[in-house]
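Asker: Dropping a prediction and its sequence here:
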Number of protein chains: 2
Amino acid sequence: MRILVLAAALAASFPVLADEGMWTFDNFPAATVQSTYGTAITQEWLDHVRLSTIRLTNCTASFVSPEGLILTNHHCVESCLAELSSKDKSLLDQGFATSSPKDERRCSTQIADVLVGTENVTTAVANAVRGQTDKAANDARKKALTELEQACEQASAKAKSRLKCQAVTLYEGGQYFIYKYKRYDDVRLVFAPEAGISAFGGDPDNFQFPRWSLDFSMLRAYENGKPAKTPNHLQVDFNGPQVGELVFVSGHPGSTQRLETTAQLKFERDVSLPSMLLRLAELRGRYIQFGRTAPANEQLVEAQLNGIENTIKVRRKQLDALHDDDMIERKRAAETALRTSAHMTGSDPWTDIETASTRERALYLPYTYIEGANGFNSILFRYARLLVRGADERLKPNTQRLREYTDAALPRIEQQLEARVPVFAEAEVLTLSFSLQRMREWLGPDNPLVKSLLIKDSPESLAIRLVAETKLDDPAVRKQLWEGGKAAVDASHDPMIEFARFVDGDSRAIRTQFDDEVEAPISLASERIAAARFKAYGTQVYPDATFTLRLNYGTVAGWTENGTPVPPVTYLGRAFDRATGASPFKIPDSWMKVKDQLDMRTPFCISTTSDIVGGNSGSPLIDSGGHIVGLMFDGNINSISGNYWFNPANNRAIALHTAIIHEALDKVYNAKALLEEMSRP
Amino acid sequence: MRILVLAAALAASFPVLADEGMWTFDNFPAATVQSTYGTAITQEWLDHVRLSTIRLTNCTASFVSPEGLILTNHHCVESCLAELSSKDKSLLDQGFATSSPKDERRCSTQIADVLVGTENVTTAVANAVRGQTDKAANDARKKALTELEQACEQASAKAKSRLKCQAVTLYEGGQYFIYKYKRYDDVRLVFAPEAGISAFGGDPDNFQFPRWSLDFSMLRAYENGKPAKTPNHLQVDFNGPQVGELVFVSGHPGSTQRLETTAQLKFERDVSLPSMLLRLAELRGRYIQFGRTAPANEQLVEAQLNGIENTIKVRRKQLDALHDDDMIERKRAAETALRTSAHMTGSDPWTDIETASTRERALYLPYTYIEGANGFNSILFRYARLLVRGADERLKPNTQRLREYTDAALPRIEQQLEARVPVFAEAEVLTLSFSLQRMREWLGPDNPLVKSLLIKDSPESLAIRLVAETKLDDPAVRKQLWEGGKAAVDASHDPMIEFARFVDGDSRAIRTQFDDEVEAPISLASERIAAARFKAYGTQVYPDATFTLRLNYGTVAGWTENGTPVPPVTYLGRAFDRATGASPFKIPDSWMKVKDQLDMRTPFCISTTSDIVGGNSGSPLIDSGGHIVGLMFDGNINSISGNYWFNPANNRAIALHTAIIHEALDKVYNAKALLEEMSRP
């Protein structure tokens, strides 16, 4: 209990003890590691690890051979497996393997970014917004970030390095950076085990430990149609780590809210988390029941269902965390302490955020259903919106566009529009009718937009018609409309385009209102709080996660749950003990066939004290020698509150032990070529 | 805002102003009504209204003719309509009408109870528990209530009046009563309009106003196979009330928590409401998707789906209400005030409840999934549990049984077991597999009971097998097992019986633990708080709703929503304006056909300041002359927070105006005989 109190105080504002922290590579506490563990982390080590780490679309990965071979989680390639599946053949269920690189198959929307440089632009942004009202500052800030990205990409193009430049906000606006990435946009599937073993235990075991899920897969980066040359890669040590050993995680934690104010946390608790959970729970029920109508239908929604179930578990436990009134009180006390010490002039930024949060409560539902498109849950609608908005936005100067349509963002949009992702009409009707129905429920049948959309329709009849009549499932049609620009889109009578055009006015209006009345005052107040925090603690505080590259350190360790010690290592034999024969506790035939040849004492999963969250999936677990000794894929159930505060007593990350990866590739899948490739220097 | 503050303080403990209050008939504030409105309410008036009011299984109703004719809501007979439907013919969709009483059809599980007498037994209960520990007191209290019920029923049998006697707890244990009912257990369906008009607006319009839902239906009580003689009945005034007129609601509000402590409310907010909502939201999704597989399947789950959607809306808005931190703070302040004034000796009862609530957080999930049967959501399982437990409990002396198996309760159990309620295997598999899956999710796959149930099964395979192989869908089989008692049940190899027997040990164990560690200390502490409250305020406070008979007063009045006045009356014409042609905004053909003959200025719905909650559905709205002028069927969206506190500024009840009932029976359904019957004195 004592430790929890300490942790809460830390999370709220203070410099960090314990193995907590998602550090940027330019501010890694190497001195602390040296003094605590006696291990020296050199700049060379840091550079090598950074250049070997990859950001995927929404995961982390690492290079593990000089020929662009990539190690990541199975659940990070689920959508690729689904895209490459047909109604008759599910790669999720059956797995994927090749005997030579020519059979490797492209994941059409996957990218692999490597962070090759960063530039601190805090001063430039501060100069652009100085002295302005919150609304004007909000616009000026976005414009400045677009300009900085643009200048970076232009300079890089001139130097023939063609880097992707992305603005990054750290410390809730305390720092601004331009991050520069080398991008691989041709990423291919190399290997994936069957979901039966990669997700053994399924949703029931998700976020649980002990654990036996073989959650890994392999990709390869290509350049100019050939395997990329990747001299910066990590060597895999299949012996794995020792219990108690110092280990590091390099990766891209997606999002945390440890530096947010109590007003912001209460908004989450009262408004956004409950409404999101209710929406997801119903959608889960619809997917499950839809999956029962035919085995092919079950496969068709499997990847989406897995994603939803994961999110439900995360959000549910986040809500539980926020119901801890004592923690909220401690956050508030820490705020009061900082407020007292800061001697702010002008308005009180915590009060400004509270006022903006009250406004957010009023605007949240229309914002999230209309502009957030939770009322139009459909792949085809997303295409339509990209086309409609893209046509309008591209006519504007780069700095005046919505941030997601700047020149820097366009290649990614084009990649998405041109990708041959299969669209299943029945699943589209399911999600679109569901979301229209819920929009009517939450905004009310008398909301003007809802009313005008459903004048003669039920949500279902509207969804059926739109999905049946649109041609946007054809990548060629989308490409034509994109390239044809505004003239082509305006001339289109595609019903989904017309639908997206019809809602766009209301959608942009609520976005502007939200940006001006919620985002703008929160951004400005957050910057002021960040300044006060820097003044008090400097960079002894780490920034909240923003799906940008971070490094942390910890040890291989278990914990104590309700008085019972949980050991940090699981072994293969127990997976067979746990099997029931019924999914998700059924071990695939490929494993049953070679059961006698397997070493049941092979370590399977390990728990570590590493401070990670979603987005870190697929991160390499690295020893002090720079070798991969594990593959992060989950956290224990206590780790979910890590979104708001880190509790070193029981927050644990879960990694695959490298020994089980070797055992699987060697004895079950006979993938000798991959093992050989990983052994190359 | 001022009024809200006042209301909160009131709800927390103080005597009542405004038209708030769910008063028992023996404590109705007639003097206040006299002084405020100048209207005298006599004992004769009270007796007549009480004896004309009916408690249905989970609604209210009233006699409206001397031949047992009953007026209630359509949604109160939904389950009866579903029972009487077949896969080919849905009475929900088509409605029901008869040309003579011989065609009236029995609702097999419906009962009609009329409160004919009450007896205050507070002293007897106090004597039975005096000086005991909370756990011993809890057992002694239940034993005393069973003894009192038993004595009452025996005395009544001796006097040939055969009343049903039921113990009632008021003021959270401040008072105990025995309520005596005349029961009609042969209740038949007389008339119901189509769901298209009775639930016009469906879930989107539920709890909304203005409103156009013709939510009424008619039943008839029978005795000895003939229409019951009911000299106590209410006359319907088809002119309805005037705006501003004083009106009364006699009915059975189901449950409120206005006298609970902040610790209890926070338990609701943090634990029970979120988990219930997530469960219901997913089940809603499953039902909707199941309904899409065939029109017959949609009908099959229509009634359950309506019920779930109603509950979701209620619980969601209750959760919103509890997120009002200011209200919670005011509750706490009122508690502190009472605590200070009460000078309690011994432990502090508010602290005792807080301690028990902490324990409740730990026990709630296993309790609700196992003993609460949320893990076994199945009609067939409910039968199995009644049979298994009934066999064990009936061997014990009456006072040592679980309270729901006392002699007083047995006739109702037998009625349920013998009723010919159709059971649809597919719907059973849906709910049972769903609930087993969620039990595994929330209790975890390593929970001992979960583990032992799913050793070789998935939730789905287990559900399919149990539903396919059990014979409990046959009323004759159930009757045989019930009458065969323990020997028959023990000898049964019916898989559902075996299943219920298998879980019963764990189930009883968690119940005992919950009763001893949560219920017992809360009951004792609540009694002590009630005593302090009586000392301070006497009976100027009304008790929380307990689905027992109450009377309240109010006026026909609109309110102001976000600055816009909402008028208190809607008219028929607007229903046609609102129609879209798509369910739930489609007006049935029967109405479209006679549209030209209808008076579009007929009042449809009205809003009143009456303080009602769920359970009041079907309550007569009565004028000071004792005539029915409306039929309660809903509250506005603000009324849902009425579970915790009453806000007179915007809490409104919604009733059907009697004029629309006349217009419908006369011009649409041509039910002249019913109109004639209602005109008899």
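Answerer: Perfect, thanks for sending it. Numbers count the residues shown, from 1 in each chain, chains lettered A, B, ... in the order given.
Asker: Could you use CA atoms for every contact and neighbour count after this?
Answerer: OK.
Asker: so what does the host helix or strand of A:E153 touch, helix or strand wise?
Answerer: For A:E153, the host element (DSSP states H and E) is helix A:134-158. When contacts are defined as 3 or more Cα pairs under 8 Å, 6 or more residues apart in numbering or on different chains; DSSP states H and E, helix A:134-158 packs onto helix A:122-129, strand A:164-170, strand A:175-184, helix A:520-537.
Asker: among the ones you listed, which is nearest A:L300?
Answerer: strand A:175-184 (28.3 Å; Cα to Cα).
Asker: now the closest one and helix A:122-129, what's the angle there?
Answerer: Between strand A:175-184 and helix A:122-129, the angle formed by their directions is 120 degrees, by axes from the mean of the first three to the mean of the last three Cα atoms, to 10 degrees.
Asker: Could you check which residue of chain A lies nearest chain B?
Answerer: For chain A and chain B, the shortest gap (Cα to the nearest Cα) falls at A:E282, measuring 4.0 Å.
Asker: any idea how far the nearest residue to that residue once chain neighbours are set aside is from B:E460?
Answerer: Using Cα to Cα, 6 or more residues apart in numbering or on different chains and skipping the chain neighbours, the partner closest in space to A:E282 is B:E282 (4.0 Å). Using Cα to Cα, to the nearest Å, we find B:E282 at a distance of 16 Å from B:E460.
Asker: Between these two, tell me which one has more neighbours.
Answerer: B:E282 (24 against 19; other Cα atoms under 10 Å in any protein chain shown).
Asker: was I right about that one contacting A:R284?
Answerer: Yes. With contact defined as Cα atoms under 8 Å, B:E282 reaches A:R284; the gap is 6.4 Å.
Asker: which of the residues in stretch A:461-468 are buried?
Answerer: A:462-464, A:466-467 (16 or more other Cα atoms under 10 Å in any protein chain shown).
Asker: ugh, typo on my part, it should be stretch A:473-490
Answerer: Neighbour count says stretch A:473-490 has A:473-475, A:478-479, A:481-482, A:485-486, A:488-490 buried, by 16+ other Cα under 10 Å.
Asker: now swap in stretch A:313-332 and tell me
Answerer: So stretch A:313-332, judged by 16+ other Cα under 10 Å, has buried residues A:313-323, A:327-328, A:330-332.
Asker: any idea how far the closest residue to A:P543 other than its chain neighbours lies from A:I622?
Answerer: Spatial nearest neighbour of A:P543, chain neighbours left out: A:Y171 (4.5 Å); criterion: Cα to Cα, 6+ apart. Per Cα to Cα, A:Y171 is found 26 Å from A:I622.
Asker: Identify the residues contacting stretch A:413-424?
Answerer: If you take Cα atoms under 8 Å, 6 or more residues apart in numbering or on different chains as the criterion, stretch A:413-424 is touched by A:83, A:108-109, A:300, A:379-380, A:383, A:386, A:473, A:475-476, A:478-479.
Asker: What is the end-to-end distance of that stretch?
Answerer: Using Cα to Cα, the distance between the terminal residues of stretch A:413-424 is 21 Å.
Asker: average pLDDT across it?
Answerer: The average of the pLDDT scores along stretch A:413-424 is 94.
Asker: Buried residues in it, which are they?
Answerer: A:413-421, A:423.
Asker: Then stretch A:130-149?
Answerer: Buried residues in stretch A:130-149 (16+ other Cα under 10 Å): A:134-135, A:137-149.
Asker: and A:D103, how many neighbours?
Answerer: With other Cα under 10 Å as criterion, A:D103 counts 12.
Asker: Could you check how far it is from A:F191?
Answerer: A:D103 is 11 Å from A:F191, by Cα to Cα.
Asker: Same question for A:R269.
Answerer: 40 Å.
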